[in-house]
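Visitor: how does the following fold in three dimensions:
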Amino acid sequence: MAKDLCELQLKLSRSNRKKHQLGKMQKDGVGNFPISKELLEIGETNLRKHCGLGMRARYIIKLAQKVEKNCILEKFEKERSFSVYASLKKFKGFGPFSIATTLMCMGSYEKVPADSETKRHLQEVVSNFMYH
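Guide: Residues are numbered from 1 along each chain as shown. You can find the predicted model right below:
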């Protein structure tokens, strides 16, 4: 999903550059993680369609709208990550994994985003290590 979001951001930035003729195009296929304004431009439908976000797309768009309206990101940047974690828990659709990922995008690496897929990969690595 993160790769798909970055690819959408790259497409958006390329189309904006073409529109505004802002210098050379980026040659590689890696974009940045989209900021709230770009997420709103991408829209819920495209997030669902191109990133496999399902119902989470709605929650991401709602958070992006709140960021744009209330400048809550500035507040989050000033707070310690544990209080940001508690604040993000209040948003519908944001569980431990998505909150930890959001915090990483904000430059806080105190929480590691781990889900069932992460656990499966770790078990596979440990299993391969034990038997080789």
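Visitor: ok, and the closest non-adjacent residue to Ile99?
Guide: Leu88 (4.6 Å; CB to CB, 6 or more residues apart in numbering). Glycine gets a C-beta too; all of them are placed from N, C-alpha and C.
Visitor: mind checking the SS state of the one you found?
Guide: Assigned with DSSP: H, G, I helix; E, B strand; the rest coil, Leu88 falls in the helix class.
Visitor: surely it and Thr101 touch.
Guide: No. Counting by CB atoms under 8 Å, Leu88 sits too far from Thr101 to count as a contact (10.3 Å).
Visitor: out of these two, which sits in the busier spot?
Guide: Legend: neighbour count by other CB atoms under 10 Å for Leu88 and Thr101, higher for Leu88 (21 against 18).
Visitor: least confident secondary structure element in this protein?
Guide: In the chain, no helix or strand scores lower on mean pLDDT, DSSP states H and E than helix 72-78, which sits at a mean of 64.
Visitor: what about Met130, how many residues nearby?
Guide: 7.
Visitor: what separates the residue nearest to Ile99 from Met106, distance-wise?
Guide: To Met106, Leu88 is 10 Å away according to CB to CB, to the nearest Å.
Visitor: also Phe94?
Guide: Phe94 is 13 Å from Met106, by CB to CB.
Visitor: these two: which is more packed in?
Guide: When Phe94 and Met106 are compared for neighbours, Phe94 comes out ahead with 19 against 14, by other CB under 10 Å.
Visitor: residues contacting that one?
Guide: 59, 63, 88, 102 (CB atoms under 8 Å, 6 or more residues apart in numbering).
Visitor: which element is the closest residue to Ala2 other than its chain neighbours on?
Guide: Distances taken as CB to CB, 6+ apart put Phe33 closest to Ala2, at 6.9 Å, once the chain neighbours are dropped. Per DSSP states H and E, Phe33 falls between elements, in no helix or strand.
Visitor: and for Lys11?
Guide: Residue-wise, Lys11 maps onto helix 2-20 under DSSP H and E.
Visitor: re earlier: for the residue nearest to Ile99, what are its contacts?
Guide: 94, 99, 102-103.
Visitor: no further questions, thank you.
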